[in-house]
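1. Provide a 3D model corresponding to the input given below.
(chains A and B)
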Amino acid sequence: MSVRRVMGTEIEYGISVAGQPLANPMVASSQIVNAYASSTLKARRARWDFEEESPLRDARGFDMSRQVADPSQLTDEDLGLANVILTNGARLYVDHAHPEFSTPEVTTPLDAVRWDKAGEQIMLDATRAAQRLPGNPQISLYKNNTDNKGASYGAHENYLMRRSTPFGDIVKHLTPFFVSRQVFAGAGRVGLGQDGRGHDGRKHGFQLSQRADFFEVEVGLETTLKRPIINTRDEPHADPEKYRRLHVIIGDANLAEISTYLKIGTTSLVLAMIEEKFIGRDLTLDGPVAALRAVSHDPTLKHTVTLKDGRSLTGIQLQLEYLDLAKKYVEDRYGADADPQTKDVLERWESVLDRLERDPMLCAAELDWVAKLKLLQSYRDRDGLEWNDAKLHLIDLQYADIRPEKGLYHRLVRAGRIERLLDDATIESAMHEPPSDTRAYFRGRCLEKYSENVAAASWDSVIFDLPGRESLQRVPTIDPMRGTRSSVGALIDSCETASQLFDALTR
Amino acid sequence: MAQEQKQPRKSEADEDVVDAAETSDVAERKEALDNDIDDILDEIDDVLETNAEDFVKSFIQKGGQ
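-> Below you'll find the model as predicted:
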């Protein structure tokens, strides 16, 4: 494979209610999800189907068509279940104390960017819809990963992989890649240590990554404490004999499109090399958790980490090792026939690493952490601010505010200082339309066209409630590559009702 | 970051030639850039939350995944 594979992102957004720092974040998150669902979804709201393998009668959930009248009346159980599926195939829900958007399954890095950005727009619309709820809550959302007071929330990536690849190979070859990937994929953070009170004797400063300080072990199942660099959650949402879903929890939530594009594209390429046993070099690090933090804590990118074989390399040099392998791999497997996005990812990866090595500021128009640092540095120069100044912390926070009028990322884009890969119209259409080349197409089209008859859905099923049938009817979508436009598009176009579609599918 | 720019590279001589040829250009561009940065800072001053200290303090999240 190349950069192409089935993949997606899931982002938990930071949430605050204006004037109410102690507002219950579960209530506010639920208001976000429910307000968006009420304002956009037609007819009935399909439930998320939690029961992947059980009889349909057991499907849990509450009737999501209920309006949020008074948040205080809702129990935690109700709130925890705020969970809807959108016509673009995505899932919008409350996870822990944050609203979360999971993109539909896509197959290219650029599509991952497209639906990830569509998620931001959906969250923005949701905050506006929530303002019309009783009490007119002014809820703000932040696409970041920490409050700088000890809490962190995730920005996960998912990659479908071959089951036959030994997990040990993934751990071995992916760990040094993840430790160093932050040199271009970091979102930047003002503050050191989990609670922002310092690390290793240094009290204040800027670091590459929002998340680096929150990782404590090398491999593990946890996602909320003792976070591991490699997460072992094994829930493929596909045929478990053939696939595993690699659940990546180490990334930052990126706003810059090129950061997301490179993060996803390079990771997918490295996974392809692992699957095909192409990586002959041993880049195993001596102490990857400490190395992760050390790389993050040095925005000059000069710090070296030690490999098990004794070599000392900077984060960039580690990335250059992977780039070199990836170029050889693509040349070896595809030659000139490599697809355009694979070529583009390789070119951009090389260009970014080259410039980061010369002067990181040369990437200020492409990468989140550099754009943020440049802005912070300008403020420090103009106003003589130290790294502990509240204003610099505010700039860090407000960079991630998703409102175009308040968010500093958006202001930089509007001022022409950050490059984009997609235009607004392309992202806006992805708020409603599913990708055409995965099962998300079938899910999204069913939600859009037959919403009255879709009782529930999940990654691997769509469940219909059809007139004249006593029990619910489940259509499994266990293969992520089936249910695409080319296979079911014409059929859905030609079926006026859900019953017609179901009959045609089961005939 | 400027002090870090001069790392020994594959061909330092080549770089110096390029640098010399571009010097006057660079000075002009730097001035334009400085004005540019002032503009963007002014613009951002206008949208920054008014009480930075309070705002940052009150941004309290529960942990997630």
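2. going forward, measure contacts and count neighbours with C-alpha atoms only.
-> OK.
3. In contact with A:Tyr142, which residues?
-> Counting by CA atoms under 8 Å, 6 or more residues apart in numbering or on different chains, A:Tyr142 makes contact with A:Tyr13, A:Gly14, A:Ile15, A:Leu397, A:Gln398, A:Ala400, A:Asp401, A:Ile402.
4. For the helix or strand hosting the fourth one, name the packing helices and strands.
-> This points to A:Leu397. A:Leu397 is located in helix A:390-399, with elements delineated by DSSP states H and E. Here helix A:390-399 touches strand A:189-190, helix A:368-383, helix A:408-414, helix B:52-58, going by 3 or more CA pairs under 8 Å, 6 or more residues apart in numbering or on different chains; DSSP states H and E.
5. Try it again at 6 Å.
-> Under the contact criterion of 3 or more CA pairs under 6 Å, 6 or more residues apart in numbering or on different chains; DSSP states H and E, helix A:390-399 touches helix A:408-414, helix B:52-58.
6. Select the longest helix from chain A.
-> helix A:109-130 (DSSP state H).
7. Compute the mean per-residue pLDDT across the helix holding A:Leu397, please.
-> Helix A:390-399 shows a mean pLDDT of 98.
8. Distance check, A:Arg181 against A:Gly135.
-> 44 Å (CA to CA, to the nearest Å).
9. Between these two, which is the more surrounded one?
-> Neighbours per residue, other CA atoms under 10 Å in any protein chain shown: of A:Arg181 and A:Gly135, the larger number sits with A:Arg181, 24 against 9.
10. Against A:Leu353, how distant is the more buried one?
-> 10 Å.
11. Could you do B:Leu41 as well?
-> Taking CA to CA, one finds B:Leu41 at 28 Å from A:Leu353.
12. And for A:Asp401?
-> Distance from A:Asp401 to A:Leu353, by CA to CA: 28 Å.
13. Show me which of the two is the more surrounded one.
-> A:Asp401 (25 against 21).
14. Got the phi and psi for the spatially closest residue to A:Thr146 that is not a sequence neighbour?
-> Nearest residue to A:Thr146, sequence neighbours excluded (CA to CA, 6 or more residues apart in numbering or on different chains): A:Ser152, at 4.3 Å. Main-chain dihedrals, A:Ser152, degrees, to the nearest 10: phi -140, psi 150.
15. What are the buried residues along stretch A:89-100?
-> Within stretch A:89-100, the residues that count as buried by 16 or more other CA atoms under 10 Å in any protein chain shown are A:Gly89, A:Ala90, A:Arg91, A:Leu92, A:Tyr93, A:Val94, A:Asp95, A:His96, A:Ala97, A:His98, A:Pro99, A:Glu100.
16. Kindly report the same for stretch A:306-320.
-> A:Thr306, A:Leu307, A:Leu313, A:Thr314, A:Gly315, A:Ile316, A:Gln317, A:Leu318, A:Gln319, A:Leu320.
17. Of the residues you listed, which belong to strands?
-> The strands, defined by DSSP state E, take in A:Thr306, A:Leu313, A:Thr314 from the buried residues of stretch A:306-320.
18. CSV please, covering those and showing pLDDT and distance to A:Ala504.
-> CSV is the format used below for those (pLDDT from 0 to 100; distance: CA to CA, whole Å):
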residue, pLDDT, distance to A:Ala504
A:Thr306, 98, 60
A:Leu313, 98, 59
A:Thr314, 98, 58
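19. Heading C-terminal from the longest helix of chain A, find the next helix or strand.
-> strand A:139-142.
20. tell me which residues form a beta bridge with A:Pro476?
-> A:Ser461 (DSSP bridges).
21. Help me confirm that it comes into contact with A:Ser461.
-> Yes. Here A:Pro476 reaches A:Ser461: they are 4.3 Å apart, a contact under CA atoms under 6 Å.
22. between the two, which one's more packed in?
-> Neighbours per residue (other CA under 10 Å) separate A:Pro476 from A:Ser461, with A:Ser461 holding more: 21 against 15.
23. list the contacts for the more buried one?
-> A:Val475, A:Pro476, A:Thr477 (CA atoms under 6 Å, 6 or more residues apart in numbering or on different chains).
24. For chain B, name the helix or strand with the lowest mean pLDDT.
-> helix B:12-47 (a mean of 68; mean pLDDT, DSSP states H and E).
25. which element is the closest residue to chain B within the stretch 201-350 of chain A on?
-> Proximity of the stretch 201-350 of chain A to chain B (CA to the nearest CA) peaks at A:Thr224, 4.4 Å away. Under the criterion DSSP H and E, no helix or strand holds A:Thr224.
26. Compute the number of surrounding residues for it.
-> 18.
27. now swap in A:Cys363 and tell me
-> 21.
28. Over to A:Lys372?
-> So A:Lys372, with other CA under 10 Å, has 24 neighbours.
29. gap between the nearest residue to A:Ile15 once chain neighbours are set aside and chain B?
-> Leaving out its chain neighbours, the residue that sits closest to A:Ile15 by CA to CA, 6+ apart is A:Leu141, at 4.7 Å. From A:Leu141 across to chain B, the span is 11 Å (CA to the nearest CA, to the nearest Å).
30. A:Leu141 contacts A:Val17, doesn't it?
-> No. The criterion here is CA under 6 Å, and A:Leu141 misses it with A:Val17 at 8.9 Å.
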